[in-house]
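1. Quick check, what structure comes out for this input:
(2 chains)
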Number of protein chains: 2
Amino acid sequence: MTATYSKTRSSQSAFEALKCKECGAEYEPKATHVCELCFGPLEVKYDYDWLRKTVTRETIEAGPNSIWRYRQFLPVETDNVIDVGTGMTPLVQANRLARRLGLKKLFIKNDAVNMPTLSFKDRVVSVALSRARELGFTTVSCASTGNLANSTAAIAAHAGLDCCVFIPSDLEAGKVLGTLIYNPTLMAVHGNYDQVNRLCSEVANTHGWGFVNINLRPYYSEGSKTLGYEVIEQLGWQLPDHIVAPLASGSLFTKIYKGFNEFVEVGLVEEKAVRFSGAQAEGCSPIAKAFQEGRDFISPVKPNTIAKSIAIGNPADGVYAVDIARKTNGNIESVTDAEIVDGIKLLAETEGIFTETAGGTTIAVLKKLVEAGKINPDETTVVYITGNGLKTQEAVQGYVGEPLTIEPKLESFERALERSRTLDRLEWQQVLV
Amino acid sequence: MTATYSKTRSSQSAFEALKCKECGAEYEPKATHVCELCFGPLEVKYDYDWLRKTVTRETIEAGPNSIWRYRQFLPVETDNVIDVGTGMTPLVQANRLARRLGLKKLFIKNDAVNMPTLSFKDRVVSVALSRARELGFTTVSCASTGNLANSTAAIAAHAGLDCCVFIPSDLEAGKVLGTLIYNPTLMAVHGNYDQVNRLCSEVANTHGWGFVNINLRPYYSEGSKTLGYEVIEQLGWQLPDHIVAPLASGSLFTKIYKGFNEFVEVGLVEEKAVRFSGAQAEGCSPIAKAFQEGRDFISPVKPNTIAKSIAIGNPADGVYAVDIARKTNGNIESVTDAEIVDGIKLLAETEGIFTETAGGTTIAVLKKLVEAGKINPDETTVVYITGNGLKTQEAVQGYVGEPLTIEPKLESFERALERSRTLDRLEWQQVLV
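-> Below is the predicted model:
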């Protein structure tokens, strides 16, 4: 491993090497994620000239209906990738939500129905495990706030890889069961995500496992670029004006940005200024605070929010996220847990999409930004919904209505219907008074 | 409304009229589902000559990535359909499950990740509500075992239709919350599905609402044909040799059959014998019993099974399902609740797909049929998985492993790992003894 690594590339892929994001030193593309010279994070380096000559809109459209239609932009060397249908989730035109908020062109990128485990993590895990297999790993692992554990356990099961995942011990029941069902080794750690993550860094050094978000992180994180590519393709090969996405480690945000820029760079889409706005929960908002205070560094916090899937107190890519929001004229905002619940309900009632707390956070921040005049009603705005509400049912229990319990008789139904209509009228009268 | 109805068709669609499945009488395509002459069920009638001339593999492939790529085969008159990305779910080649069972070419049609509400019901509801809107309904409704309630409430929310849904009051928590979140009127009926269904038939006559599975049933049920079309297209425009699907009312089963036959009829796929096998839970197996006893009628039962989503004691299309299984040389089998739980776990561990009890039933029946020599290992077999396990978490709680709880310290992890490996070894020794 040297700082002047160069290799002959696979003829199927533009993927060349790893490169330090800070000092530019290059490395052989093995299971490594930190620069030996400056301790900066390593990123995947591609041959964009080759991509420009090789990939067209037509070659992409002729590809599989999954993230692997963008295979040439992903860090794998062979065609033997793990494709369980991940990606190509709907970009839903959200007319009813748009009207409610006073926007004109609003789209929801709905990864609440991503495959196989209903969060955007299926994208990064599909890439990480495909690369892990190429690198010869037989056991894969991760430090997770829940969704990543679900996805790593499921896709490892499909691929026949051994799997050991680490989570904080206080996660939602759906996320725990949604991991155990795939029969991995599941370590529930007494501590928050940042403690879990530190423990995993130690384990990665001693056990020779492929940790998707530690030693495989450069490959893993590239999977999120597909959330940029798909939006461009689904908008008819155009960039949006404004995107709103949740911020946990900040990686997703930076990779959507990278995805947009790569498609401009290789001539697949016309260049245009896109504003990047980020969403955090007030109970864990180190990136929002750095943005609002004009800082270039993140002050770690101890998370305390119902939005557990994005509760990372010491976010690895936080500074990069702040930088992108600033230079694109975007914003980073945070919302309370009560606003998060309202955000979940608002999206469900207007668009029929049931998202988890991270999605509630993003919708609530969207609303806050619109109300503050920070999103122009004419902007084509894309909101990234990254996970499914069935996994965090605790968050809304007690905040949705109750069923009307009736006997299986017409008169019992009629009485209940009359009661509910009277209640609705009373509520309206209270609103009007 | 007459028995000799004929009309001028929309130029976009082959959809002509409703026709009695028993006596052939034709009706204007309104909100009606029973023949006035013989009380037989009404079905949609198409102009197959027009379809043969108009639709090709290429026109389908150029369509949207949803069930609406088959729009000409669906009972809608305008292009103003409700498309929330429903359909085109993955057909996963299930190599690990196939090896475990001793099969060679096994595929899972994975509607556990269907959009937007993670069950095949999104197909039928997308069609029913599109047609409901064409017919001028502003309130839509259904009698549901859970998945249909989720789907009707969600898609009605997206489309801005008022919604009132009826469920048995003992459904799983995920299915209740997964309906309430969209803010419909939810009636929880003290009784089983068959009682709910009878009540809804009365309400349909008095309130002028569009009940997707009652007065809109002819349109609604056509949505299931897309599970046939997609499998043909995803197999590279070929029919499978054998399919296994769950049986509730029997409608899904008959519509996959209809979908296959229509594509043969209009020349989109080469004719081939396909065997149809059906799956029921022992606690509600009126169709399996009729099949096994060689009867041409269904004796209704009182359901008692964890597989609530398929617990229909008086299945409307049961006799048609029996007929199809018989004439295609298929089978209809039932399995115990314990086998259903094992089926859920088997699919999760081998393929990374977390299905609900209906899917567990189908996998358990697949296993039973293979073990009985009723599926040939060389047959290309497609198993239909129709719903997501996150909605029926109760069914597997207590039957999956537990997390290993540790402190955020390397030595705590190492001790837990050693313990778990010792336990694994002991289990293996017990297996080997």
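2. List the contacts of the closest residue to A:Asn65 other than its chain neighbours.
-> Spatial nearest neighbour of A:Asn65, chain neighbours left out: A:Met88 (5.1 Å); criterion: Cβ to Cβ, 6 or more residues apart in numbering or on different chains. For glycine as for every other residue, the C-beta is placed from the backbone atoms N, C-alpha and C. Shown in contact with A:Met88 (Cβ atoms under 8 Å, 6 or more residues apart in numbering or on different chains): A:65-67, A:69, A:230, B:65.
3. Go through these and say which is closest to A:Lys45.
-> Using Cβ to Cβ, A:Ile67 comes nearest to A:Lys45 of the contacts of A:Met88, at 19.8 Å.
4. SS state for the nearest residue to the closest one once chain neighbours are set aside?
-> Nearest in space to A:Ile67, with sequence neighbours left out and distances taken as Cβ to Cβ, 6+ apart, is A:Gly87 at 3.4 Å. At A:Gly87 the chain is in coil, as set by DSSP: H, G, I helix; E, B strand; the rest coil.
5. If you count contacts, what does the helix-or-strand element of chain A with minimal mean pLDDT end up packed against?
-> Of the helices and strands making up chain A, the lowest-confidence element is helix A:410-432, at a mean of 83, by mean pLDDT, DSSP states H and E. With contacts defined as 3 or more Cβ pairs under 8 Å, 6 or more residues apart in numbering or on different chains; DSSP states H and E, the secondary structure elements packing on helix A:410-432 are strand A:404-406, strand B:185-189, helix B:193-207.
6. got the angle between that helix and helix B:193-207?
-> Put simply, helix A:410-432 runs at 60 degrees to helix B:193-207, going by axes from the mean of the first three to the mean of the last three Cα atoms, to 10 degrees.
7. chain center to helix A:410-432, what's the gap?
-> Averaging C-alpha coordinates over helix A:410-432 and over its chain gives two centres that are 41 Å apart (Cα atoms, centre = their mean, to the nearest Å).
8. Going by neighbour count, list what's buried in that helix.
-> Counting neighbours by 16 or more other Cβ atoms under 10 Å in any protein chain shown, one finds that the buried residues in helix A:410-432 are A:412-413, A:416-417, A:420.
9. Of these, which is the nearest to A:Asp241?
-> A:Ser420 (41.5 Å).
10. contacting residues for that closest one?
-> Contacts here follow Cβ under 8 Å, 6+ apart; on that basis A:Ser420 touches A:404, B:185.
11. re earlier: from the contacts of A:Met88, which would you call buried?
-> With burial judged by 16+ other Cβ under 10 Å, the buried subset of the contacts of A:Met88 is A:66-67, A:69, A:230.
12. Redo those residues as CSV? Include pLDDT.
-> Below are those laid out as CSV (pLDDT from 0 to 100):
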residue, pLDDT
A:Ser66, 96
A:Ile67, 98
A:Arg69, 97
A:Glu230, 98
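13. quick one: which of those residues is nearest chain B?
-> Distance from chain B was checked for each of the buried ones among the contacts of A:Met88 by Cβ to the nearest Cβ. The minimum falls on A:Ser66, at 7.9 Å.
14. Compute the number of surrounding residues for the nearest residue to that closest one once chain neighbours are set aside.
-> Across the structure, with Cβ to Cβ, 6+ apart as the measure, the residue nearest A:Ser66 apart from its sequence neighbours is A:Gly87 (4.9 Å). Burial of A:Gly87 is recorded as 25 neighbouring residues (other Cβ atoms under 10 Å in any protein chain shown).
15. How about A:Gln93?
-> Neighbouring residues of A:Gln93 were enumerated by other Cβ under 10 Å; the total is 15.
16. I figured A:Leu410 hits B:Ser201, correct?
-> No: taking Cβ atoms under 8 Å as the definition, A:Leu410 is not a contact partner of B:Ser201, at 10.2 Å.
17. what secondary structure does the residue lying closest to A:Asp337 once chain neighbours are set aside sit in?
-> Leaving out its chain neighbours, the residue that sits closest to A:Asp337 by Cβ to Cβ, 6+ apart is A:Ile306, at 4.8 Å. A:Ile306 falls in the coil class when you classify it by three-state DSSP.
18. Let me see the confidence value for A:Ile306.
-> Reported pLDDT at A:Ile306 in the predicted model: 96.
19. what's near enough to touch it?
-> Applying Cβ under 8 Å, 6+ apart, we find A:Ile306 in contact with A:281, A:283, A:337, A:340-341, A:357, A:392, A:394-395.
20. What of A:Asn329?
-> Contacts were defined as Cβ under 8 Å, 6+ apart; by that measure A:Asn329 touches A:273, A:275.
21. pLDDT value on it, please?
-> On the pLDDT scale, A:Asn329 is placed at 98.
22. Now the phi/psi pair for it, please.
-> phi 70, psi 30 (degrees, to the nearest 10).
23. Do I have it right that A:Ile332 meets A:Ala325?
-> Yes: using Cβ under 8 Å, A:Ile332 makes contact with A:Ala325 at a distance of 5.0 Å.
24. any shared contact partners between these two?
-> Going by Cβ under 8 Å, 6+ apart, residues that sit against A:Ile332 and also against A:Ala325 are A:277-278, A:291.
25. now, which of the buried ones among the contacts of A:Met88 sits nearest A:Gly160?
-> When those are compared for distance to A:Gly160 (Cβ to Cβ), A:Ser66 wins out at 19.4 Å.
26. just the buried members of the contacts of A:Ile306?
-> Burial by neighbour count, 16+ other Cβ under 10 Å: within the contacts of A:Ile306 this picks out A:281, A:283, A:337, A:340-341, A:357, A:392, A:395.
27. So which of those are in helices?
-> Using DSSP state H, the members of the buried ones among the contacts of A:Ile306 that fall within helices are A:337, A:340-341, A:357.
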